[in-house]
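One predicted model, sequence on top.
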Amino acid sequence: MINLTMFFQVLKDKGFNTIIGVPCSMLNSIFDFLSNSQEFDYIGATNEGEAVAIAVGANLAGKKAIVVCQNSGLGNMVNPLSSLVSPFKIPLLIIMSWRGNPKKQDEPQHELIGKITIDLLEMLKTKVIQFPENDLQIKEKIDFAQACLDKGNSCCFIVENELPVQKNKDHFVIEHKYKNNLKSFLDLSDDQSPYLSRWEVLEKIINFFPKNTALICSTGKSSRELFTLNDSNRNFYMVGSMGCASAIGLGIAKYSSKRIVVIDGDGALLMKMGNMATIGHYSPLNFFHILINNGVHDSTGGQRTVSETVNYAKIAQACNYNMTFSGHNNLEACFDIMIKNDGPHFFEIKTAPGSIESIGRPTLPLDKIASRFSAFIQDAEEYDKDTEELFC
Ligand SMILES: Cc1ncc(C[n+]2csc(CCOP(=O)(O)OP(=O)(O)O)c2C)c(N)n1
């Protein structure tokens with residue numbers, strides 16, 4: 001058994017400071033260690049794909065994040081590892097337990113994933129490093145991992161042996177705070193005026209939010225229209241990793257004083273609805289979640305989503321967002337209330353399906369989109385919600 005304090009101290013010395021995880025019993029002692037650590041920020045994700053996206057957001061904001069999880073969750077990570085981490089060249093450090101290791105006896109549900117874990121990680125361009133077995137290996141292995149990251153490759157410490165568990169530990173006292181904590185919800189959807197197009201909504205967002213506001217835009221035609229309307233270094237076009245925009249936004253918002261606007265689609269939001277619970281729980285004040293709800297998967301030909309029967313603003317409210325809105329008109333009036341109050345806020349904008357004829361798609365290399373966006377986020381300009389003036 002290695003000395004975990006030493007292991008995490010070496011990571012700390014390399015600048016790692018943020019952990020995003022989904023627990024595994026084999027890694028119990030790591031999670032116990034982290035819950036008592038003053039040195040590392042810990043964010044609990046609802047699934048491992050969300051953890052990857054939050055870590056990407058934290059990295060874009062200049063932090064050095066680590067994802068800690070079980071290999072059962074590797075399936076949940078495949079999409080963001082392949083369509084976000086790899087093409088945008090935002091390498092990640094992962095610590096993963098190996099259930100179903102063919103050399104060991106384990107439960108049947110871990111057997112298949114156990115057999116393919118190492119190959120799958122390598123296929124996902126993630127270098128596998130055996131977790132240090134003794135203290136003498138710690139520095140050498142972490143140096144090796146850092147060298148991989150410096151070359152732009154993700155890497156994963158694979159934990160083969162269960163780390164000893166702390167005995168007789170106290171249970172958390174869970175307070176179900178939400179019962180006393182219903183926040184404001186403004187439903188403006190009685191209005192009979194026609195729905196705007198996504199294009200018109202995007203124009204209003206671009207024009208309303210000050211230039212030091214980041215825009216993280218969801219997969220498909222939202223990003224393509226945003227690029228066509230107004231390419232800018234404040235835009236992050238999340239062309240893949242459907243459903244992850246709000247998790248990336250959370251990872252950024254937690255570590256940036258800039259205002260972070262996530263532009264989501266209803267299909268995408270439905271795909272990763274657990275993100276909303278995490279956002280509401282960690283409640284970054286500078287987080288604004290705008291849902292363009294056109295009721296369809298417009299980007300793939302207009303197939304219906306199940307949005308007609310979903311009250312998104314109430315979900316956001318129940319997930320502990322601060323203010324939630326639903327409507328389709330007078331957008332600027334709602335935006336104005338949003339920016340004058342601490343977030344997180346949620347605004348469902350009911351929108352007509354369809355898009356413009358002359359739609360383009362981001363022409364810049366994805367790593368360039370990531371690097372210029374990260375520079376924008378880390379630029380010292382902040383916002384002052386009352387005066388809207390920049391201060392440094
Ligand atoms: C994991 C995954 N599944 C499916 C797709 C294909 N896809 C791309 S965009 C899209 C529809 C997105 O719908 P929505 O979020 O409602 O946005 P809209 O297209 O209506 O703007 C789909 C299904 C994908 N890119 N990734």
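Done, it's in. Residues are numbered from 1 along each chain as shown.

Next, the buried residues of the helix ranked longest in the chain.
Ordering each helix of the chain by length in residues (DSSP state H) puts helix 135-150 first. Going by neighbour count (16 or more other CB atoms under 10 Å), the buried part of helix 135-150 is 138, 141-142, 145-146, 148-149. Glycine gets a C-beta too; all of them are placed from N, C-alpha and C.

which strands and helices sit next to that helix?
Using 3 or more CB pairs under 8 Å, 6 or more residues apart in numbering; DSSP states H and E, the elements in contact with helix 135-150 are helix 4-13, strand 126-130, strand 154-159.

The ligand: which of the buried residues of helix 135-150 is nearest?
Distance to the ligand across the buried residues of helix 135-150 (CB to the nearest ligand atom) is lowest for L149, with 25.8 Å.

Near the ligand, which residues of the stretch 251-392 of the chain? Just list them.
265-268, 294, 296-300, 305 (CB under 6 Å from any ligand atom).

out of those residues, who has the most neighbours?
Among those, the one with the most neighbours (other CB atoms under 10 Å) is G265, at 30 neighbours.

wouldn't that one be in contact with G220 here?
Yes - counting by CB atoms under 8 Å, G220 is a contact partner of G265 at 6.5 Å.

what touches both of the two?
The overlap between the contact sets of G265 and G220 (CB atoms under 8 Å, 6 or more residues apart in numbering) consists of 297-299.

Which one of those is nearest to K64?
Ranked by distance to K64 (CB to CB), these are led by S299 at 33.4 Å.

Can you report how many residues lie near the nearest residue to the closest one once chain neighbours are set aside?
Using CB to CB, 6 or more residues apart in numbering and skipping the chain neighbours, the partner closest in space to S299 is G220 (2.9 Å). Using other CB under 10 Å, G220 is surrounded by 20 other residues.

Secondary structure class of the residue sitting nearest the centre point of the chain, three-state.
Ranked by distance to the mean C-alpha position of the chain (CA atoms, centre = their mean), the top residue is A247 at 2.1 Å. Three-state call for A247 (DSSP: H, G, I helix; E, B strand; the rest coil): helix.

Show only the entries of the shared contacts of G265 and G220 found in strands.
The strands, defined by DSSP state E, take in H297 from the shared contacts of G265 and G220.

Output the shared contacts of G265 and G220 in TSV; the columns should cover pLDDT and distance to F373.
Output for the shared contacts of G265 and G220, formatted as TSV (pLDDT from 0 to 100; distance: CB to CB, whole Å):
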residue	pLDDT	distance to F373
H297	98	26
D298	97	24
S299	97	21
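
Got the phi and psi for the residue of the chain found nearest the ligand?
The ligand sits closest to G265 of the chain, with a gap of 2.2 Å, by CB to the nearest ligand atom. Backbone torsions of G265, given as degrees, to the nearest 10, read phi -110, psi 160.

Please name the nearest non-neighbouring residue to it.
Among residues not flanking G265 along the chain, S218 sits closest, at 4.8 Å (CB to CB, 6+ apart).

Any figure for the gap between the one you found and L202?
11 Å (CB to CB, to the nearest Å).

between these two, who's got more neighbours?
The residue with more neighbours, out of S218 and L202, is S218; 30 against 24, by other CB under 10 Å.

Isn't the more buried one up against I263?
Yes - using CB under 8 Å, S218 makes contact with I263 at a distance of 6.1 Å.

Give the residues shared as contacts by those two.
Common contacts of S218 and I263 (CB under 8 Å, 6+ apart): A245.

now the helices: where do they sit in the stretch 251-392 of the chain?
Along the stretch 251-392 of the chain, counting by DSSP state H, counting those that start in this stretch, helices occupy 266-271, 274-282, 312-318, 331-339, 366-378.

tell me the most buried of those helices?
Mean neighbours per residue, mean count of other CB atoms under 10 Å, is largest over the helices of the stretch 251-392 of the chain for helix 266-271, with a mean of 23.

For it, enumerate the helices and strands it packs against.
The elements that helix 266-271 packs onto, with contact taken as 3+ CB pairs under 8 Å, 6+ apart, are strand 287-293, strand 296-297.

Deepest-packed of the ones you listed, please.
That would be strand 287-293, which, of those, has the most neighbours on average (mean count of other CB under 10 Å), namely a mean of 27.

Tell me which of the helices and strands packed on helix 266-271 sits nearest to K350.
strand 287-293 (5.4 Å).

Between S218 and L202, which contacts overlap?
Common neighbours of S218 and L202, using CB under 8 Å, 6+ apart, are I263.

how about the helices and strands packed on helix 266-271 in a markdown table, adding distance to N329?
What follows is the helices and strands packed on helix 266-271, written out as a markdown table (distance: least, CB to CB, whole Å):
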| stretch | distance to N329 |
| --- | --- |
| strand 287-293 | 14 |
| strand 296-297 | 20 |
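
Let me know whether C334 touches F347 as I believe.
Yes - using CB under 8 Å, C334 is in contact with F347, at 5.7 Å.

list residues touching both of these two?
325, 327.

Helix, strand, or coil at P23?
Secondary structure for P23, judged by three-state DSSP, is coil.

Go ahead and confirm the residue nearest to S299 touches G301.
No - using CB under 8 Å, G220 makes no contact with G301, being 10.8 Å away.

Could you check how far the residue lying farthest from the centre of the chain is from E200?
What lies farthest from the middle of the chain is Q192; by CA atoms, centre = their mean that is 35.4 Å. Q192 sits 18 Å away from E200, going by CB to CB.
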